[in-house]
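**Student:** Provided below are the primary sequence and the corresponding predicted coordinates.
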Amino acid sequence: MTACGQQNQKAADGKAPAASAQISGAGATFPAPLYAKWAELQRADTGLTLNYQAIGSGGGIKQIKAKTVAFGASDKPLKPEELDADGLAQFPTVIGGVVPIVNVPGVQPGQLKLTGPVLADIFLGKVKKWNEPAIAALNPGVALPNLPITVVHRSDGSGTTFLFTSYLTAVAPQWTSVGASDAVKWPTGLGGKGNDGVSAFVKQTSGAIGYVEYAFAKQNSLPHASLQNAAGQFVAPTAEAFAAAAAGADWTKAPGFYLLLINQPGANAWPITGATFVLMHKNQADAANGKAVLSFVDWAYDKGDAAASELAYVPLPAALKSQVRQSWTSIVGPDGKPVYTPAAQ
């Protein structure tokens with residue numbers, strides 16, 4: 001496998017350099033639409049090719065630990081002690097939001113209001129119909145049907161599930177019986193594989209509710225619910241609301257970039273916001289391969305913000321990008337030297 005040319009390097013004729021790289025990644029479906037777009041744009045710009053398998057965060061973590069891919073991707077950040085145990089580096093690439101999606105006849109996108117505790121009771125199977133008092137009290141004037149609720153959740157190990165259940169654990173004491181993880185024992189409902197599987201089940205099932213990364217709701221035109229945030233405000237999921245949730249985050253005090261953005265303060269903050277992460281081995285057996293992965297991310301930081309915004313993700317702040325780039329000195333080749341040095345920003 002040959003290393004790609006220096007970041008943004010092109011041949012004199014303006015075409016991508018002949019010496020290009022192929023990199024493999026696997027994991028989170030949360031950022032999959034964006035990674036596909038970044039790969040398309042970067043291949044045209046530098047010749048680098050990405051083979052990314054959207055198999056869920058749990059699968060991505062397993063594959064990077066097994067060294068079957070160049071990088072793993074997860075919306076569930078690994079704690080510093082787990083990173084150290086497996087010799088891994090971790091860093092965020094973009095920020096997004098997890099949203100409840102619904103298929104309730106007569107209810108328009110964003111019209112349905114829910115609180116965390118009511119959402120927990122729905123996913124616990126305690127609230128069984130859309131017109132029950134717990135939901136009706138939050139939605140005066142909305143014509144809620146006498147229709148059974150069908151819960152749809154992830155069937156695979158999922159960082160989206162981790163964020164969703166972390167939120168329910170934070171705001172609903174009754175959810176502690178289920179807990180927060182990338183895979184939990186669901187009390188009720190149907191399982192769909194990936195964000196796309198949950199989207200498909202909700203879209204085809206009248207009375208369904210599920211949870212997906214916002215880009216999937218947007219791409220599939222699925223009605224979403226508004227949620228009450230920590231400030232007591234009902235907010236809709238938007239890139240601005242995700243950015244508001246991330247605004248107060250202090251990544252400088254987050255070893256291994258382990259930081260959750262659940263139920264953050266702020267009148268406009270979306271309560272289920274999170275970053276998605278890349279996982280790599282600190283000691284790269286193939287320095288060219290490691291260099292190619294970091295070159296891909298560096299290019300995305302430099303040229304990929306517009307694509308991220310178009311898909312309703314939130315690009316990382318400049319200061320955080322700089323912090324991440326500095327952390328890459330810990331990713332070294334067989335000679336003990338960093339595999340990639342970013343160009344001056």
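**Tutor:** Thanks, I have the structure now.
**Student:** show me where pLDDT drops low in the protein?
**Tutor:** Where the chain drops to pLDDT under 70, the residues are 1-20, 344-345.
**Student:** Pop the domain breakdown of it in here.
**Tutor:** 22-94+276-330, 98-262 (automatic domain parsing).
**Student:** Out of those, flag the one nearest residue 269.
**Tutor:** Set against residue 269 and scored by C-beta to C-beta, the domains of the chain come closest in domain 98-262, at 4.0 Å. (Each C-beta comes from the backbone N, C-alpha and C, glycine too.)
**Student:** Buried residues of the top strand by length along the chain, list them for me.
**Tutor:** The single longest strand within the chain, with elements called by DSSP state E, is strand 88-103. Residues of strand 88-103 classed as buried by neighbour count (16 or more other C-beta atoms under 10 Å): 88-103.
**Student:** all strands for the stretch 51-200 of the chain, in order.
**Tutor:** 71-74, 88-103, 113-114, 150-154, 190-192 (DSSP state E, counting those that start in this stretch).
**Student:** just so I know, which of these lies nearest residue 268?
**Tutor:** Residue 268 lies closest to strand 88-103 among the strands of the stretch 51-200 of the chain, at 12.3 Å (C-beta to C-beta).
**Student:** what angle separates the closest one from strand 150-154?
**Tutor:** Between the axes of strand 88-103 and strand 150-154, defined by axes from the mean of the first three to the mean of the last three C-alpha atoms, to 10 degrees, the angle is 160 degrees.
**Student:** can you map out the helices along this protein?
**Tutor:** 32-46, 57-65, 80-86, 116-124, 133-136, 159-171, 194-204, 214-219, 239-246, 287-303, 305-310, 318-327 (DSSP state H).
**Student:** For the longest one, give me every contacting residue.
**Tutor:** This means helix 287-303. Here helix 287-303 makes contact (C-beta atoms under 8 Å, 6 or more residues apart in numbering) with 1-4, 7-8, 21-23, 25, 38-39, 41-42, 45-46, 48, 50, 70-71, 91, 93, 278, 280-281, 284, 316, 321, 324-325, 328, 331, 333-335, 339-340, 342-343, 345.
**Student:** let's see 7 Å
**Tutor:** Counting contacts by C-beta atoms under 7 Å, 6 or more residues apart in numbering, the residues outside helix 287-303 that touch it are 1-4, 7, 21, 23, 38, 42, 46, 48, 50, 70-71, 93, 278, 280, 284, 321, 328, 331, 333-334, 339-340, 342.
**Student:** could you check the angle helix 32-46 makes with the longest strand of the chain?
**Tutor:** 130 degrees.
**Student:** Return the angle between stretch directions for strand 88-103 and helix 194-204.
**Tutor:** If you take the same axes, to 10 degrees, strand 88-103 sits at 0 degrees to helix 194-204.
**Student:** Keeping just the C-alphas, turn strand 88-103 into CSV.
**Tutor:** Extracted as CSV, the C-alpha positions of strand 88-103 are listed here (Å, rounded to 0.1, in the frame of the first residue of the first chain):
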residue,chain,number,x,y,z
LEU,A,88,-5.3,3.2,21.3
ALA,A,89,-5.6,6.9,20.5
GLN,A,90,-9.0,8.6,20.2
PHE,A,91,-10.1,11.9,18.8
PRO,A,92,-13.4,13.5,17.6
THR,A,93,-14.2,14.3,14.0
VAL,A,94,-17.5,16.1,14.1
ILE,A,95,-20.5,16.8,16.4
GLY,A,96,-24.1,15.8,15.8
GLY,A,97,-27.4,15.0,17.5
VAL,A,98,-29.5,11.9,18.2
VAL,A,99,-33.2,12.6,17.7
PRO,A,100,-36.5,10.7,18.4
ILE,A,101,-38.3,10.0,15.1
VAL,A,102,-42.0,9.3,15.0
ASN,A,103,-44.6,8.0,12.6
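**Student:** Okay, angle between it and helix 116-124 too, please.
**Tutor:** Using the same axes, to 10 degrees: strand 88-103 against helix 116-124 is 80 degrees.
**Student:** Mind giving me the packing neighbours of strand 88-103?
**Tutor:** helix 159-171, helix 194-204, strand 208-213, helix 214-219, helix 239-246, strand 272-281, helix 318-327 (3 or more C-beta pairs under 7 Å, 6 or more residues apart in numbering; DSSP states H and E).
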